[in-house]
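K.L.:
Predicted model and sequence follow; I will ask about them next.
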Amino acid sequence: MPSDKTKAAAFQDFMESFGLPAYAATAVDDDAKMPYITYTWAEGAWGDGATAVQADIWYRTESEAEPNAKVAELSKRLGLGGVCLPCEAGVLWVRRGSPFAQAVEDADNSVKRRYINIELEFETLW
């Protein structure tokens, strides 16, 4: 069932559904406190095929367990076939990219970042 949400708004809502604040990579609040998620947005047209975007999960912790658990939560939600988010005149199909997730080193050892590859596909319902 289509929604009045734009494709970008549907993706923002999806990223916020993991219990952490989510920001477009170009719009992180100056006072944002970890943990949070950032993501890139790439607008695709209906029927264009897969469009690659990235998300980063940021934690300030000495443990690898928390960021790894959040990656596992995202992976589980996407499953093998992805999820479809209603928007505009169709759905935004969100799937795992490859490689799905990787740890990124930071100069501050207490910052744990996971770089996530995501594929988006914009599908019409008619």
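P.N.:
Yep, that arrived.

K.L.:
so where do the helices sit in the chain?
P.N.:
7-16, 65-78 (DSSP state H).

K.L.:
Mean neighbour count and mean pLDDT added to those helices, as CSV?
P.N.:
Where C-beta positions appear, they are placed from N, C-alpha and C, glycine not excepted. Converted to CSV, the helices of the chain look like this (neighbours: other C-beta atoms under 10 Å; pLDDT from 0 to 100):
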stretch, mean neighbour count, mean pLDDT
helix 7-16, 18, 96
helix 65-78, 16, 97
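
K.L.:
Turn these into CSV, including distance to residue 95.
P.N.:
Shown next, in CSV, are these (distance: least, C-beta to C-beta, whole Å):
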stretch, distance to residue 95
helix 7-16, 12
helix 65-78, 6
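
K.L.:
so which of those helices gets nearest residue 52?
P.N.:
helix 7-16 (13.1 Å; C-beta to C-beta).

K.L.:
tally of neighbours for residue 92?
P.N.:
A count of nearby residues for residue 92, using other C-beta atoms under 10 Å, gives 26.

K.L.:
Contacts only, for the closest residue to it other than its chain neighbours.
P.N.:
Closest residue to residue 92 in three dimensions, ignoring its sequence neighbours and counting by C-beta to C-beta, 6 or more residues apart in numbering: residue 85, at 4.4 Å. With contact set as C-beta atoms under 8 Å, 6 or more residues apart in numbering, residue 85 has these partners: 10-11, 13-14, 91-94.

K.L.:
how close does residue 85 get to residue 45?
P.N.:
From residue 85 across to residue 45, the span is 17 Å (C-beta to C-beta, to the nearest Å).

K.L.:
And for residue 62?
P.N.:
44 Å.
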